[in-house]
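A.B. asks: what shape does this take:
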Amino acid sequence: MAQRPWRRTGLKHPSLVALVVLLALALLALTYLPSLPTGDHGRAPLPHVAPTPASLPLAPRPRRDVAITPCGDKPPNQGTKRRRGEGRRLRERGAPSPSPCVEQPCRWGGSPQEDRLCFGGTIPPWLSEDDIQKMKLLAHGQVVSKSRVPAHGQVLRVRLHADGDTKPASPEEDCGDGRCGLIKRPTDLYEVVAFHLDRVLGLNRSLPAVARRFSSPILPYSYTNGAPRPLIWWAPDIQHLEDTNNDQNSCALGWLQYQEMLRSHSVAPVAGNTACASIQRGEWGRLALFDFLLQDPKNLLQVHDRLDRYCCGFEPDASEPCMEEMLHEKCRNPSELVLVHILVRRSTPSRLVFIDNAGRPQQPEAKLNFRLLQGIDSFPETAVAMLRSGCLGRRLLKSLYMDQELWESQGGAAGLRPLLQVLERRGQILLRYLQEHNLTVVRDTPR
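C.D. replies: Numbers count the residues shown, from 1 in each chain. Down below sits the predicted model:
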């Protein structure tokens with residue numbers, strides 16, 4: 001029998017020839033394929049593996065090309081083109097990535113007017129036109145005179161002259177025209193944060209405030225050493241009691257009287273005390289909510305000083321003013337307790353004015369002062385809705401970016417974010433309190 005051709009060539013089987021040809025073609029094709037993308041350490045990434053049913057998320061994840069903006073804010077990076085590799089180069093140089101919650105149309109290093117305030121053509125809706133005008137006056141106004149404030153050794157009242165004023169600057173004029181401000185201590189910068197918090201929550205009871213560095217030769221050196229200080233707008237028509245020992249009130253109101261007023265849903269039963277009688281009942285809910293978010297008994301200037309200046313709602317440290325001044329002992333006799341900084345303006349006597357908002361919210365949750373909420377059975381609708389929305393920190397970050405002096409001094413978004421997280425956490429604790437006590441919300445009164 002003649003041998004078959006495949007045996008004479010030494011091959012064991014025709015299929016082996018085909019296999020060798022296929023392998024050669026495959027190797028040739030691989031040399032022309034693009035290289036696989038590598039991970040951070042030069043290794044090819046692992047293929048995506050679908051999660052098992054036990055690890056599936058509770059809700060489907062949004063597609064990457066869908067912008068989720070529950071706060072109604074501008075989607076991150078919308079309208080902004082970044083060159084390839086730019087983000088990596090910024091990280092390598094140690095520069096923080098731009099915050100997706102803050103529009104940044106302004107650039108640091110321009111004129112002084114641009115550096116102090118940054119609106120960039122977009123003004124947050126929670127800041128009114130009147131707020132903007134007062135902020136511009138405080139940030140840019142020339143200091144033309146100064147005066148001390150009685151009983152406030154480290155506070156200066158200054159008169160300001162803004163560009164475009166028709167009247168010439170006159171140091172002799174008083175502050176009745178609304179052209180003055182109070183310069184406070186560098187440690188009181190939190191008053192600027194409190195102003196923006198007030199506006200974001202829709203309370204609208206704090207006075208406009210900005211952070212500013214001063215260089216005027218008429219100011220003491222301690223005010224011009226380069227440290228930013230808060231400058232608070234001076235409201236010329238705030239009503240004060242004639243009693244020099246109690247001039248930080250528009251009306252005299254004791255704790256028991258205040259609680260009875262809240263229980264009876266009426267005004268304070270004080271004969272001839274028209275200032276207290278004119279305050280709308282909903283104002284106390286605004287004040288309690290604001291002070292609860294800002295409280296911090298660890299600092300010398302305390303927001304709880306309005307409703308609980310005696311520290312009756314928590315156990316104070318021995319070094320705190322309410323202990324050093326022996327105020328805490330009066331907690332045993334509630335009839336001796338009074339409220340302070342209860343102020344109204346003659347132009348709007350039905351609304352409270354929030355001043356001295358320099359507390360710093362660093363108090364541990366176990367020591368929060370719930371006495372500030374005692375007797376309050378309803379809270380303002382807009383503020384509660386903002387706390388529930390989860391947008392408080394996001395909106396507040398945008399608002400604070402308007403004040404470039406504050407933004408820069410606090411380290412920008414990275415430096416401010418821990419503080420905003422504390423405020424958001426306080427808001428959640430307050431919402432839980434509302435739910436546990438079955439409290440209600442009320443319609444807001446006009447600005």
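
A.B. asks: contacting residues for Y223?
C.D. replies: Contacts for Y223 were tallied using CB atoms under 8 Å, 6 or more residues apart in numbering; they are 156, 183, 214, 229. (C-beta placed from N, C-alpha, C; glycine too.)

A.B. asks: could you identify which of the residues you listed has the most neighbours?
C.D. replies: Neighbours were tallied for each of the contacts of Y223 (criterion: other CB atoms under 10 Å), and the maximum of 25 neighbours falls on R229.

A.B. asks: show me the beta-bridge partners of that residue.
C.D. replies: According to DSSP bridges, R212 are recorded as the beta-bridge partners of R229.

A.B. asks: quick one on the thing from earlier: looking at the contacts of Y223, which are in strands?
C.D. replies: Among the contacts of Y223, the members found in strands (DSSP state E) are 156, 183, 229.

A.B. asks: can you pull out the helices in this protein?
C.D. replies: Secondary structure of the chain (DSSP state H): helices at 5-8, 14-30, 86-92, 112-116, 129-140, 190-200, 255-264, 274-277, 282-294, 321-324, 381-389, 392-400, 404-409, 412-436.

A.B. asks: where does the stretch 201-350 of the chain dip in pLDDT?
C.D. replies: In the predicted model, the stretch 201-350 of the chain carries pLDDT under 70 at residues 244-246, 265-275, 296-304.

A.B. asks: now do Q280: how many residues are near it, please.
C.D. replies: Burial of Q280, expressed as a neighbour count using other CB under 10 Å, amounts to 14.

A.B. asks: how close does it get to A194?
C.D. replies: Per CB to CB, to the nearest Å, Q280 is found 22 Å from A194.

A.B. asks: now S335
C.D. replies: According to CB to CB, S335 stands 31 Å off from A194.

A.B. asks: higher neighbour count, those two?
C.D. replies: Between S335 and A194, counting by other CB under 10 Å, A194 is the more crowded of the two (25 against 10).

A.B. asks: so what pLDDT did the more buried one get?
C.D. replies: Model confidence at A194, expressed as pLDDT, equals 95.

A.B. asks: coming back round to it: and the ones in strands among the contacts of Y223 as JSON lines, adding distance to P321?
C.D. replies: Rendered in JSON lines, the data for the ones in strands among the contacts of Y223 read as follows (distance: CB to CB, whole Å):
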{"residue": "L156", "distance to P321": "22"}
{"residue": "I183", "distance to P321": "22"}
{"residue": "R229", "distance to P321": "22"}
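
A.B. asks: OK, contacts around the nearest residue to Q421 once chain neighbours are set aside?
C.D. replies: The spatially closest residue to Q421, leaving aside those adjacent along the chain, is G393, at 6.6 Å (CB to CB, 6 or more residues apart in numbering). Taking CB under 8 Å, 6+ apart as the contact definition, G393 lies against 417, 420-421, 423-424.
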